Structures are given as structure tokens and as C-alpha cells.
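> Build the 3D model from these lines:
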Amino acid sequence: MRTNTVVSSGPPSKILGLWRRLPTIIRALVVGFVVLQLGGSVPGVLLVANLKLSPSVPWFLPATGIWLWLFWRYVNGWGWPRSTAAIRGVNLRARPLPARVWFWSLLAGGLGMVSTMGLIFVTSHFGNLPDEAFQPPFEVSAYPPWTVASIFIAIAGTAGVVEEAAFRGHMLSMIQRRHGWVIGITVVAVMFYAAHLSHAYATLAFAPFFLVYSALHGLLVYVTRSILPSVVLHAVADVIVVPMQFGVLASPAQITVVTHGGLTLLFAAAAVPAFLRLATVAREAQLAAETTGETLK
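Below is the predicted model of the structure:
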């Protein structure tokens, strides 16, 4: 006699069903902020522990590097659960690029980044910012120079890897597949600004900077279909800006051409033809990849 076995749907299946019923944008925001917290929490703990226990020996820097490597592998599809491995890799968009695309990505993106960074100094000069906006996150003058340099490298590297994986990787990919690039880049830009509201300088006056900064990286991902150039440019920009935030490097905000937006306009104008050239080179690389069976999504 043949019997039918009924397998009941347990709590995990019900939770998964509820998750899938949520709007795509909501799911994308949740995933993006989980990735952000997952990647950024451990380096913060390592830094605080190192500065309390042995500030003259910056062991947190190599430890942070190991963590970021493990984090990158995980959000790119490695590890448990295997059922999400493929989609994690797709969402991250850590696609290798040909040398020519890399060159034009860094050139166009670099020009755009300098232009965008000019908005920081314009805002600092004309915006009505609170006094706390000009205070360093914490005092570093008591630490040895090598420890201070390690702090800046760790902060910049973590920002480049984690924030790009969270925002221009997983969050943007999920929204873009459902709603298109324009909505995806716009929503991610707003969320990128919202994620920085805990910083004293992230007032409403600084909203244009954060929105343009995120949109620039979103444009790079759109053209290249990879977040790798954004990871590099984000980290390099923070290596320069973070020491200014801590008061270690002098800000160029007192230079007239900087404070009045000349730097922003000059480099924005230079970035336009560079991006057009990047689009052409990336399109040629895509056509070449399609002939070998690889598609860029």
C-alpha cells in the first residue's frame, strides 16, 4: 500500500515567503544595511581594542585587512548558506575589468571625484554648519605616527570595501533589476546620505555632496558593470580626506578657487569627455566579451 507523506511548511519557509512578498526596494535596503553593519562593525571593534591595549603596535591594520578579505569573499558568494551564494556574487558585481576599462574608469572617476570633493570645501565655506562638524572624530595626537597612519588606512580601506559592497553592490543591484538604473542610483544615493546622518557634518547643507558622490559611483557601475573602480576610488579619496577630518592635513578650503567652486566646475568639465570615452571603451569590451559567451548585466 502506498502512502503519501505530507511535509509541513516550517517557520523558515514562512519567513522566506514573507520576505519574498516585501517590495524589492525594502528588501534591497535591508540587505544593503545588513552588509554595511556586517562589514563595518568588526574593524571598529578591532580599532578600539588596539588603541586601548597597545596603541604603539597597530596590529588592527593587518587584522582589518584579513577581515575585509573574508567579508569580501562572503558577500561575493563564498560560505554559508550555499543557497544564496550565486545571488550574492551577482549582486556584488565584483567583475574583473580589462586594462583599458580600468584606465578610463580611474581617470574619469578620479576627475569626477576631485570635482565632487570640491563640494565639501564649498559647503564648508558657505554652509551653516555646527561647531561639531569641524571637530575630529577622536583625538589622535597622543598616538605614534605609524599608528595614526594605520588608523587612516584602515578607515579608508573599510569605507571603500564595505560601503561600495553595501550600496553600489547589493543594494543597487537588487533595485536596478526591478526598477531600472535611474531609480536604483537615486534611491541608493538617498540611503547613502541617510547612512551618514550620524556624522555631525552630514547636515542638510551637505546633502548635495552625498547625493552627487553616490550618483558618481553609481554611474561608474552603470558604465562598467563592476564596482571595483568605485572601491579603489572611494578608498583613495578617504585616504586623503580622513586626515583632514582629524586635523592632521590642512584643508585647502581657504583657497579662493576651491571655496567658490572653481575646482568643482573645472574637474567636472574634464570628467565629461573622460566618461564618454569610458563608455565607448566599456562598450567595446562588452562586445568582445559577448563573442566569447560572457555577458555584462
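> so how far is residue 246 from residue 238?
Between residue 238 and residue 246 the computed distance is 12 Å (C-beta to C-beta, to the nearest Å). Bear in mind the C-beta positions are built from the backbone N, C-alpha and C, glycine included.
> ditto for residue 66
Note on residue 66: its distance to residue 246, by C-beta to C-beta, is 24 Å.
> Kindly report the same for residue 120.
Counting by C-beta to C-beta, the gap from residue 120 to residue 246 is 15 Å.
> Tell me where this protein has helices.
11-21, 24-53, 60-75, 85-92, 99-126, 145-158, 172-179, 181-195, 207-224, 228-245, 256-259, 262-291 (DSSP state H).
> Check which residues of the third one are buried.
Pointing back at helix 60-75 there. Within helix 60-75, the residues scored as buried using 16 or more other C-beta atoms under 10 Å are 60-61, 63-65, 67-68, 71-72, 74-75.
> go on, the fourth one?
By neighbour count, with 16+ other C-beta under 10 Å as the criterion, the buried positions of helix 85-92 are 88, 90-92.
> can you check the second one too?
Along helix 24-53, these residues count as buried under the neighbour rule (16+ other C-beta under 10 Å): 25, 27-29, 31-33, 35-36, 39-40, 42-43, 46-47, 50-51.
> residues touching residue 36, list them.
Contacts for residue 36 (C-beta atoms under 8 Å, 6 or more residues apart in numbering) come out as 162-163, 166-167, 195.
> Can I get those residues in CSV including pLDDT, neighbour count and distance to residue 15?
Converted to CSV, the contacts of residue 36 look like this (pLDDT from 0 to 100; neighbours: other C-beta atoms under 10 Å; distance: C-beta to C-beta, whole Å):
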residue, pLDDT, neighbour count, distance to residue 15
162, 98, 27, 26
163, 98, 26, 28
166, 98, 27, 22
167, 98, 26, 25
195, 96, 19, 26
